[in-house]
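Student: pasted the sequence and its predicted model underneath.
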Amino acid sequence: MNLMIRRPNRARWAMTRPMDRVFDDFFAPFFNESWLAKETQWQPMVDVVEEEAQFRVNAELPGIDKKDIHVDVKNNVLTLRGERSEEKRDETGHYYRRERRFGSFTRRFNLPENVDPEAITADYKNGVLSITIPKPEKSVPKEITVH
């Protein structure tokens, strides 16, 4: 006698997926994500790397002019601010999907104690903002030999 595995929900799931696609395709032109992008702030992707003598913060900011990026340090908090302007829309074409976000952004990072704000440098190249934060001078423990 052969055993047969029965999955009663399989037929129901097989039918709902095509129906979901029909509704998605029908309502997509009326309810796309572009209205949401205008209402919310966006946040750039950021990598924070600790190296031996410094910290590095790399932020992806494609399509933003250098003059629209502001970096400041206050009370040991590093703040990145900026704005990506929306490109002029092509009224002759129809957007099927619009995922790029526009508008202002703000990112804040707590810095370690005793960081010298004057030593922090920032470089913007190929759409990536790279901020270098030298680590504070620590009092290195000195081992004393007992005679």
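Tutor: Now that the structure is in, tell me what you want to look at.
Student: from here on, just use CA atoms for contacts and neighbour counts.
Tutor: Will do.
Student: contacting residues around the residue nearest to Gly127 when sequence neighbours are not counted?
Tutor: With C-alpha to C-alpha, 6 or more residues apart in numbering as the criterion, Gly127 has its nearest non-adjacent residue at 4.2 Å, and that residue is Pro62. Residues in contact with Pro62, defined by C-alpha atoms under 8 Å, 6 or more residues apart in numbering, are Asn126, Gly127, Val128.
Student: which one of those residues is nearest Asn110?
Tutor: Comparing the contacts of Pro62 against Asn110 with C-alpha to C-alpha picks out Val128 as the nearest, at 20.5 Å.
Student: contacting residues for the closest one?
Tutor: The neighbourhood of Val128, defined by C-alpha under 8 Å, 6+ apart, consists of Asn58, Ala59, Glu60, Leu61, Pro62.
Student: circling back to that earlier point, which member of the contacts of Pro62 is positioned nearest Asp47?
Tutor: Val128 (10.6 Å).
Student: got a pLDDT number for the residue lying closest to that closest one once chain neighbours are set aside?
Tutor: If the residues on either side of it in the chain are set aside, Val128 comes closest to Glu60, at 4.7 Å by C-alpha to C-alpha, 6+ apart. Among the per-residue scores, Glu60 holds a pLDDT of 94.
Student: I'd say Glu60 and Val48 touch.
Tutor: No. Counting by C-alpha atoms under 8 Å, no contact exists between Glu60 and Val48, whose distance comes to 11.8 Å.
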